[in-house]
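Q: Got a sequence here, can you model it:
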Amino acid sequence: MAASAPDLIRPIVAFRQWRLRDDGLWSLRADEHWGRGVLTARCRAAVPHAGPAPQNGCTCGFYAWYVPRPRTSVALTADLVNGAVAMWGAVELHAHGLRAERAMVVALALPLLPGPKRDRVRAAARALEAEAVPARRLRKAALAHGEPVPKTMRPPDLEPNKRKAPGEPAPARLYAVADGLRQRGPGSHARRG
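A: So this is what the prediction gives:
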């Protein structure tokens, strides 16, 4: 896919949540540490598929939402943190979010109230060389690193009634490049999450 012309020439900015531990950010559902710099997803299935992550029909790739999570979604927790990522490479779009081949943390949202959690978020942001910003400024901070996926490119939500189980995904596939993104850190790391 990389040999063809890219669909987007800037990284995609998207939003996600992590668990904050003493040694940094961890994915919510996979036991994966998010470090500084560019992370490259890989398939961790018992029999990995050929080609870059993500692949349709597999769970590999970095997950994120198109819009920031509500500021209050992490308010009463000691370890959840909202943030923004720049994503590029092979990308699979779904109705509410996406999965990508490469990702980098670009900003973390500070908790609404001062306290130890706010200090921990600032420390994590410093270690990642990312911004720590008030939650209301997360989207603006993210936009300095790329662009959101245009609504016209996102697959429609065919099951908006949330009481029903969603049907089979009909994702859109595209390729984004990271032109102009200030990459930092020790290089690529293989991660999924």
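Q: so who does the closest residue in space to residue 101 that isn't next to it in sequence touch?
A: For residue 101, ignoring the flanking residues on the chain, the nearest one in space by C-beta to C-beta, 6 or more residues apart in numbering is residue 89 at 3.1 Å. C-beta coordinates here come from the backbone N, C-alpha and C atoms, glycine included. Contact analysis of residue 89 by C-beta atoms under 8 Å, 6 or more residues apart in numbering lists 2, 40, 52, 100-102, 175-176.
Q: I'd like to know which of the residues you listed are buried.
A: 40, 52, 100-102, 175-176 (16 or more other C-beta atoms under 10 Å).
Q: that older thread, got the contacts of residue 89 as a markdown table, with secondary structure and pLDDT columns?
A: Output for these, formatted as a markdown table (DSSP: H, G, I helix; E, B strand; the rest coil; pLDDT from 0 to 100):
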| residue | secondary structure | pLDDT |
| --- | --- | --- |
| 2 | coil | 48 |
| 40 | strand | 93 |
| 52 | coil | 85 |
| 100 | strand | 95 |
| 101 | strand | 94 |
| 102 | strand | 95 |
| 175 | strand | 74 |
| 176 | strand | 73 |
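Q: How about the secondary structure of the residue nearest to residue 101?
A: strand (DSSP: H, G, I helix; E, B strand; the rest coil).
Q: Quick check: it vs residue 63, distance?
A: 14 Å (C-beta to C-beta, to the nearest Å).
Q: hmm, back to that, among the contacts of residue 89, which one sits closest to residue 9?
A: Residue 9 lies nearest to residue 176 out of the contacts of residue 89, by C-beta to C-beta, at 7.7 Å.
Q: Can you verify my assumption that the closest one contacts residue 92?
A: No - the pair residue 176 / residue 92 is not scored as a contact, 11.4 Å apart, by C-beta atoms under 8 Å.
Q: okay, and the common contacts of these two?
A: residue 100.
Q: can you pull out the helices in the chain?
A: 116-128, 138-143 (DSSP state H).
Q: For this structure, which residues score under the pLDDT cut-off?
A: 1-6, 160-174, 179-193 (pLDDT under 70).
Q: can we see that at 80?
A: Counting by pLDDT under 80, the chain shows low-confidence ranges at 1-9, 23, 30, 158-193.
Q: got the contact list for the residue nearest the centre of the chain?
A: The centre of the chain sits closest to residue 64, judged by C-alpha atoms, centre = their mean, with a distance of 4.0 Å. Contact analysis of residue 64 by C-beta under 8 Å, 6+ apart lists 14-16, 85, 87, 97-100, 103.
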